[in-house]
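Student: Here is a sequence together with a model predicted from it:
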Amino acid sequence: MNRDEGPASAPSGCVTAQDVQQFAGGRKTAPAREAAPAVSTAGSPGEFETGQDAFGPVVFEPMNAIRRKTMEHMAHCWSTIPHVTHFDEADITELEALRLKRAKKIEAGGGRLTTICFIIKAVAEALKRFPRFNASLDADNQRVVLRQYCNIGIAVDTPNGLLVPVLREADRMSIADLAEALPRISQQARDRKLGLDEMQGGTFTITNLGGLGGTGFTPI
């Protein structure tokens, strides 16, 4: 380091680590740009606003009630639920043949037989065999709650945000029951016709991103 750039304390004129730290701490940094106040272009509550932050123009989008609740719940889940990811492959050729064979009969009765119906049934059976995956932690009372029921939540992407309607006692439902119930509750979620009780009590949640392709993902 040149002496004009910073003092060297050692008799030999060498710059020590302490010299560097003192020099760096004493340098003045340029003041950050202050964010300009937002300029409202909204004609009514809930509409977008334009403005400026410290780096450039921005658009402010107010969160609706669903997105606020989703944010709070996902933050809670992230901090309280252990996360583990495992990927594997399965040959479902015969299962797909069975689905196609039964699909028309199910559709004639008003249902829709999709692959996820079989996944729900398989998950429900697995939760009965391995009940600790159907459990929750009661931290206040220092105990594990082993649920004796199996309510499967199904994450549904809607224009208003992510909703999770719950299929109660999914382990007692047949594939035909699931094929009828799944499209119904999914459409109710998209139409915002779900009651609060229809989104409570889930013990396990399934998220289906099959429509996006890929081989696996890690949900929150």
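Tutor: Looks like it arrived, so ask away. Numbers count the residues shown, from 1 in each chain.
Student: counting contacts, what elements does the one helix or strand residue 77 maps to pack onto?
Tutor: Residue 77 belongs to helix 65-80 when elements are defined using DSSP states H and E. With contacts defined as 3 or more C-beta pairs under 8 Å, 6 or more residues apart in numbering; DSSP states H and E, helix 65-80 has these neighbours: strand 161-163. All C-beta spots, glycine's among them, are computed from the backbone N, C-alpha and C.
Student: What strands line up against the helix or strand following the strand it packs on, and which way round?
Tutor: Next helix or strand after strand 161-163 toward the C-terminus (DSSP H and E): strand 166-167. Take DSSP bridges as the rule and strand 166-167 pairs in its sheet with strand 152-154 (antiparallel).
Student: what are the bridge partners for residue 51, then?
Tutor: Residue 51 has these beta-bridge partners by DSSP bridges: residue 58.
Student: Is it correct that it is in contact with residue 61?
Tutor: No - using C-beta atoms under 8 Å, residue 51 makes no contact with residue 61, being 11.5 Å away.
Student: Give the residue from these two that has the larger number of neighbours.
Tutor: Using other C-beta atoms under 10 Å, the more surrounded residue of residue 51 and residue 61 is residue 51, with 15 against 11.
Student: Roughly how far does that one sit from residue 58?
Tutor: 6 Å (C-beta to C-beta, to the nearest Å).
Student: same thing with residue 100?
Tutor: 49 Å.
Student: between these two, which one's more packed in?
Tutor: Comparing residue 100 with residue 58 by other C-beta under 10 Å, the one with more neighbours is residue 58, at 15 against 10.
Student: Kindly state the pLDDT recorded for the more buried one?
Tutor: Listed pLDDT for residue 58 reads 84.
Student: again, but for residue 144
Tutor: Residue 144 is assigned 86 on the pLDDT scale.
Student: do the same with residue 20
Tutor: At residue 20, the pLDDT value in this model is 58.
Student: Ok, residue 66 next?
Tutor: 85.
Student: Show the contacting residues for it.
Tutor: By C-beta atoms under 8 Å, 6 or more residues apart in numbering, the contact set of residue 66 is 158, 160, 161, 162, 163.
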